[in-house]
Every structure is written in structure tokens, then in C-alpha cells.
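> fold the following and give me the result.
(one chain, ligands or ions: 2)
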Amino acid sequence: MNPAPLIAMAGNPNAGKSALFNALTGARQKVGNYPGVTVERHAGRMTLDDGRPVELVDLPGAYSLDPSSLDEQVTRDVLLGKQEGERRPDAIVVVVDAANLDNHLRFTLQLIALGIPVVVALNMIDLAERDGLTLDAEALERELGVPVVATVAVRRRGLDELRARIDDAVSQPAKAPVEARAEHDFRTLQRRARQIAKAVTVSETATRRWTHRIDSIVLHPVAGPVILLALMFVMFQAVFAWSEAPIGWIESLVGWVGEGASAILPDGLIRSAVVDGVIGGVGAVVVFLPQILILFAFILILEASGYMVRAAFLMDRVMASVGLSGRAFIPLLSSFACAVPGIMATRTISDEKERLATILIAPLMTCSARLPVYTIIIGAFIPNQTVGGFVGLQGLVLFGLYIFGILGAMGASLLLRRTVTRGASSGFMMEMPKYQWPRFNDLLLGLWQRALIFLKRAGTIILVTTIILWALLSFPKPPAGSDVSPVDYSVAGRVSQGIEVLVEPIGFNRDISLALIPAMAAREVAVAAIGTVYAIDNPEDSAGERAIVTNLRERWTLPTALAFLMWFVFAPQCISTIAITRRETNGWKWPLFMVGYLFGLAYVMAGVTYWTAVAIGL
Ligand SMILES: Nc1nc2c(ncn2[C@@H]2O[C@H](COP(=O)(O)OP(=O)(O)OP(=O)(O)O)[C@@H](O)[C@H]2O)c(=O)[nH]1
Ligand SMILES: [Mg+2]
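Numbers count the residues shown, from 1 in each chain. Ligands and ions are numbered 1, 2, ... in the order given. As a prediction, this is how the structure comes out:
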């Protein structure tokens, strides 16, 4: 008996191939691997109206027959009959997204040119209609010269007709397959695809035309990522460039309050607690409010304008390459503000293992609590100069730290998805919202809420840890005439000597050892802690960022500063994150695993940074 005819589902990524494949085959599916490669093979059976079986394979999405990834290569090889372990398909169902015709028709034209019978599924017409786009399926059929069926895969609309057209396609007497595939260059295909898309478009609203026009630029496979990268780059430059003046104002305010308090309070313990502990510690953190607000202003604008979902879409392929789906992108993006809401947002990921992997890497996204640490070290050690004429070096280093965090997360995900949270990535798509101008009032409200949250943190966790640290740093006092510094003589100073033994090999000094434990409460406390240490060490210094920067420059070497930055890229210095991970994973196993692997990573990366910096003579 002849084997059942083989039908391949092909088309651009996210056209709805898998949704259609599932709707056609139901539960009768087999998942395997193509021999020699890691690409999964999804096959299933479907019965035609006369009872004949046909076999369906769901191919990975591709943009063209010129592969730029392993997935695309498998798709091409299957369609050309060159893939090991697969016969050449007898017919192709080309799935196109109706709302994206011009892009999807390029690949369709290439596939039709192969000479195998083709049926086009004009999918997602529900979304096209919703957006005010009306298409003429019959006109498309005439233009392409192959049968076209309008479908809505997720509502099973058009399935009967699609099955009938597949029947026709496999019932045709087999033609000799075309050997040499028609060589279309990209421009010719593009022109023809646009022409057809225009000819079959019955009506289109102005909004949809604009949306589509902007999307064709920001979602372009090449231009899209470049634009995304450029936007992020501008954002980090702005964090430094625009914050200088407001930081100056807050600093003056903190200095003024400190001096006022010193003048009113009698010399002694209370004054030290208020001036060195509270004002020195909390003040050192509060000055970062402008930078955090600038960062949030960017995130809020990108979200409100409708761009953020596009960014997630662009990232889907990148996410898939590390075993996650675009669905993980939103939680990870929120983690740039704070890992706690980010980890809570993973609840939208239905695959348990994928969700767990996302939780485990979320703390590697650079949260806003790291900004104070980053900016004070960068401000002290990276010269405020431009490279190449216009790029600020400080902003560049900050950008680099974000990139390190992202690369770390990608590497971790890659490993985790092959080991403890093994599994394949699931496809995803989000509906693209309309573009719109962000509303000024909404933006202000968002920033105001952010400012309150930050100040509340400064007034609670940071205040409390700072006071405790101040107490531990202040007692016991060294006996009069001792040449041991008050900090080294204190309880905290002695505890830190134990830690110092551990972190000395990665270039950390006493100040850092003192800051590490209190910074477990929240990362910003590291800055507050260092501020308090210096205030107690040199009571005659004025409080505030400038005093800290001067001290840092005197006491730290550049390799130590760089190692410290690298430590904060990776280290899980945040009790709230650990607590939320425990809650979201129902136990201590995963939070402990997370803390363990992140500290390990932080230690190794800081060490590598330190010794590399020393070796190249920085
Ligand atoms: N509204 C609507 N959504 C659809 C339709 N078809 C598919 N989807 C959704 O679109 C998303 C992408 O569909 P998939 O079937 O995964 O797309 P794919 O072509 O297999 O994507 P890749 O395998 O990544 O190339 C899913 O969330 C589907 O639920 C449709 O006709 N209408
Ligand atoms: Mg698919």
C-alpha cells in the first residue's frame, strides 16, 4: 500500500500553522526529532471526507527558503525533499496572516514556485476584520493561481473547506516536481507581494494603514532589532544625562538637612544616629530618585505608545533560542523595574517548567534597585567623557551592565532548560495594540506612584537596615587612644572580617564586606551602608553623595570597583525576591537553588572581572 499522502504546513512565524495543524489533526499527533538536529518534528493524521488518511507535518516558521536559522533550514530541506528522515511532501498548506499579507506573501510566492500543489490558508481573518481590514479571498486566489481558504484556526472556521481543498490537491495526478527552484530575488518578490496585497485589499481604515506602515519598520527582521537596541541605548544615556541637575538639588537638600540636624542636636550618640545613620544612609539612596524616574518614564512611554508588545514580538525568536517563549518576555521586562512583580507576572506562562525557568532568571534582569549601586560606582570611577564624539562613556558602561545581566539570563536559561527545567519552548503571539500618543496625565500618575514606592522603601526597609547597621558599626567603641578605626573595632567590622576572607580572592575590600550582608535586605542598602561606614569613619565629612564618591576614589582601586559592579549584576541580594520565589514555587527548594546558582555566578564573574582588570593593568 502506498503511504498516506504527506502534507506540510508552512509559512512565516506566528501565522497560525500550529493552531491550524492542531485543529486539523486533533489529538492524533506524534512529536519526534529530525535526525541529527534538535528541531522537533510534529506530525499528525487527518481523515479526508472519503475516509482516506493523510499525514500532516507542522514545519517551523520561516521567512524564506534561504535559511538563517536551524529551524528555517529544516523547513527548506523538508520542502525540497532533502531532509533526512522525511519524504518530500505531496502538497503544502501555506498559512498566511491576513493582517500581514505583504510580508507573508513573499514566502508564499517562493513556495508556489516549487511546483508542489499549494493550498493557501488565509488565517487570522478575525483579527484583520477587527482592525478594519477587508480582503477578497477570491481575488487572492486569482492572483496567486492556487486555492485560497479563509480560516480562523482558533475558532475552527474554514476547516471543512480547507480539508476539501487539501483533498483536491492530493487527488491531482502527481506532477514531476520542479527540480530547480525559481530563483526570485528579494526585491522582485517584495514588489510582487505588495502588488498582490494591494489588489486584494477591499478596504482598510486609516488607523490600520498607519499601524501597518509603522509595524513594517519596527517589526522588520533587521531594522526592528536595531531600533529596539537604539531605543534602549538612548534610554540609558538619558538616565545619566538628564539626571545631573535634579540630583544636585536633592544632594543640597540632604546636605542642608544634615547640617541643620548637626546644629540642633547635641554632640553624641543621638546626633551620630541621625546624621550618620539616617541622613547619611537614606540620603545616599534618595538622590537616585531622578534616575529611577527617568528610567520609568521611558518604560511607561514605550508601554503606553503600544511599542512594548512589538518589542516582545521581536524578542520572541531570541527567547525561543534560549528555550523560552515570547510570553516570558513581559515578566522579564517587568523585572527591569523589580523582580517581585516580574516573578508574579510569570503566572501567565502555562508551561510549568518554562515558568520556573523564567522565575529563576528574573533576578538577572537589572532592577531599579541596582541603579543606585551602579551609578555611584560608575560616577566615581568611570570618567565623564564622550567616546566617538557623542556617546557618554558612563551611560555606555551602564548599558553594558544591563547587557551583562541579559546575557547572563540567556545563558542561565539555556542551561536550565536543558537540565533542571528541561523542555521545549512553546509558541506564542500577543495581539498588537494600536499605536497612540501616551497621555501626559497617565504618565505623571505612573511616575508619581513609582516615586512614592521608592520613597516608601527608603523610609522603611532602607531606614531600618541603615539604623541597625549604624548600631552595629558604632559599638563597641574603641578605647580612647586606640589606633584601630571605630568601624574596624565595631561588631559589624569584626563580622565583616570573616566575610572579607571569603571575598578577598575576588578583589573585594573591607567596605564591600561590610555592605554585603545589609544589602541582602535590598540592593540600594549597599550604597547606604557604604555611606554610613564613611560617615562613622570620618565624622567631620559632610554627608551626601560627594563625600562617598571622594572616599571611594581614595580607598578603592578600579579593578575592585569593576568587580563590585559585576557582583551586583548577578548576586541575589534581595530578600523580597527570595520570599516571592518561595511563595510562587511553594517551597524552599527553588529559592535556595536560585540563591545558590546566582551567588556562584556572581562570585565567579566578579573574580574574573577583578583578575582580568588587574592583568591588563587597570
Ligand atoms: N485570533 C486568532 N488567533 C490565531 C489564529 N490562528 C492562530 N492564532 C494564534 O496565533 C498565535 C500563533 O499561532 P501558532 O499556531 O503558534 O503559529 P505558528 O505559525 O505555528 O508559529 P511558529 O511555529 O512560531 O512559526 C497563537 O497564539 C494562536 O492561538 C486565528 O485565526 N485567529
Ligand atoms: Mg508552530
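
> ok now the least confident helix or strand in the chain by mean pLDDT, how far from the chain's centre?
When each helix and strand of the chain is scored by mean pLDDT, DSSP states H and E, helix 280-286 comes last, with a mean of 76. Centroid separation for helix 280-286 versus its chain: 30 Å, with CA atoms, centre = their mean, to the nearest Å.

> beyond that helix, next helix or strand please.
For helix 280-286, the succeeding helix or strand toward the C-terminus, using DSSP states H and E, is helix 289-304.

> pLDDT (mean, whole number) over that next one?
Mean per-residue pLDDT for helix 289-304: 83.

> which elements pack onto it?
Secondary-structure packing of helix 289-304 (3 or more CB pairs under 8 Å, 6 or more residues apart in numbering; DSSP states H and E): helix 223-241, helix 244-264, helix 307-321, helix 370-381, helix 440-457. For the C-beta atoms, the positions are set from N, CA and C on the backbone; glycine is no exception.

> just say which of these is most tucked in.
Stretch with highest mean neighbour count among these: helix 370-381 (a mean of 22; mean count of other CB atoms under 10 Å).

> C-alpha coordinates for it, CSV please?
C-alpha atoms of helix 370-381 as CSV (Å, rounded to 0.1, in the frame of the first residue of the first chain):
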residue,chain,number,x,y,z
ARG,A,370,20.7,48.3,41.3
LEU,A,371,20.8,51.7,39.7
PRO,A,372,22.0,53.5,42.9
VAL,A,373,24.8,51.0,43.2
TYR,A,374,25.7,51.2,39.6
THR,A,375,25.6,54.9,39.3
ILE,A,376,27.6,55.7,42.4
ILE,A,377,30.4,53.4,41.4
ILE,A,378,30.3,54.5,37.7
GLY,A,379,30.1,58.1,38.8
ALA,A,380,33.2,57.6,41.0
PHE,A,381,35.3,55.5,38.7
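
> renumber starting at 474 from here on
Sure, I'll start counting at 474 from here, so that last one is helix 843-854.

> how far is that helix from where the chain is centred?
Relative to its chain's centre, helix 843-854 lies at 22 Å (CA atoms, centre = their mean).

> and after it, which helix or strand comes next?
Where DSSP H and E defines the elements, the next helix or strand beyond helix 843-854 is strand 859-860.

> residues near the residue of the chain found nearest ligand 1, how many?
Nearest to ligand 1 in the chain, going by CB to the nearest ligand atom, is residue 534, at a distance of 2.2 Å. Counted with other CB atoms under 10 Å, the neighbours of residue 534 add up to 24.

> what strand or helix carries it?
In this structure, residue 534 sits in neither a helix nor a strand according to DSSP H and E.

> from memory it sits against residue 485, does it?
Yes: using CB atoms under 8 Å, residue 534 is in contact with residue 485, at 5.7 Å.

> any idea of the mean pLDDT for stretch 1035-1049?
According to the model, stretch 1035-1049 has a mean pLDDT of 92.

> buried ones in it, by neighbour count?
Within stretch 1035-1049, the residues that count as buried by 16 or more other CB atoms under 10 Å are 1035-1047, 1049.

> in helices, which of the residues you listed fall?
1035, 1036, 1037, 1038, 1039, 1040, 1041, 1042, 1043, 1049 (DSSP state H).

> format those residues as TSV; extra columns: distance to ligand 1.
Formatted as TSV, those follow (distance: CB to the nearest ligand atom, whole Å):
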residue	distance to ligand 1
1035	40
1036	41
1037	41
1038	37
1039	35
1040	38
1041	36
1042	31
1043	31
1049	32
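
> where along the protein do the strands fall?
Counting by DSSP state E, the segments of the chain that form strands are 479-484, 502-506, 513-520, 526-531, 564-570, 591-596, 606-608, 621-623, 674-677, 859-860, 864-865.

> with mean pLDDT and distance to residue 968 added, can I get these in TSV?
Conversion of the strands of the chain to TSV gives the following (pLDDT from 0 to 100; distance: least, CB to CB, whole Å):
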stretch	mean pLDDT	distance to residue 968
strand 479-484	96	62
strand 502-506	82	53
strand 513-520	91	52
strand 526-531	94	59
strand 564-570	96	61
strand 591-596	97	63
strand 606-608	92	66
strand 621-623	97	71
strand 674-677	89	69
strand 859-860	86	41
strand 864-865	85	39
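
> and ligand 2, which of the ones you listed is closest to it?
strand 526-531 (5.8 Å; CB to the ion).

> can you name every helix or strand that the closest one contacts?
Strand 526-531 sits against strand 479-484, helix 490-498, strand 513-520, with contacts defined as 3+ CB pairs under 8 Å, 6+ apart.

> distance of the closest residue to residue 488 other than its chain neighbours relative to residue 595?
The shortest distance from residue 488 to any non-neighbouring residue, by CB to CB, 6 or more residues apart in numbering, is to residue 568 (4.3 Å). Counting by CB to CB, to the nearest Å, the separation of residue 568 from residue 595 is 9 Å.

> neighbour count: the two, which is higher?
Higher neighbour count among residue 568 and residue 595: residue 568, with 31 against 24, using other CB under 10 Å.

> so where's the stretch 824-973 of the chain uncertain?
Where the stretch 824-973 of the chain drops to pLDDT under 70, the residues are 898-904.

> where exactly do the helices run in it?
With DSSP state H, counting those that start in this stretch, the ranges of helices along the stretch 824-973 of the chain come out as 825-834, 843-854, 866-889, 913-930, 936-947, 959-962, 964-976.

> what's the closest of the ones you listed to residue 725?
Evaluated with CB to CB, the helices of the stretch 824-973 of the chain place helix 843-854 nearest to residue 725, the distance being 16.6 Å.

> adding distance to residue 797, write the buried residues of stretch 1035-1049 out as TSV.
Output for those, formatted as TSV (distance: CB to CB, whole Å):
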residue	distance to residue 797
1035	30
1036	30
1037	30
1038	26
1039	24
1040	25
1041	24
1042	20
1043	19
1044	22
1045	20
1046	24
1047	22
1049	23
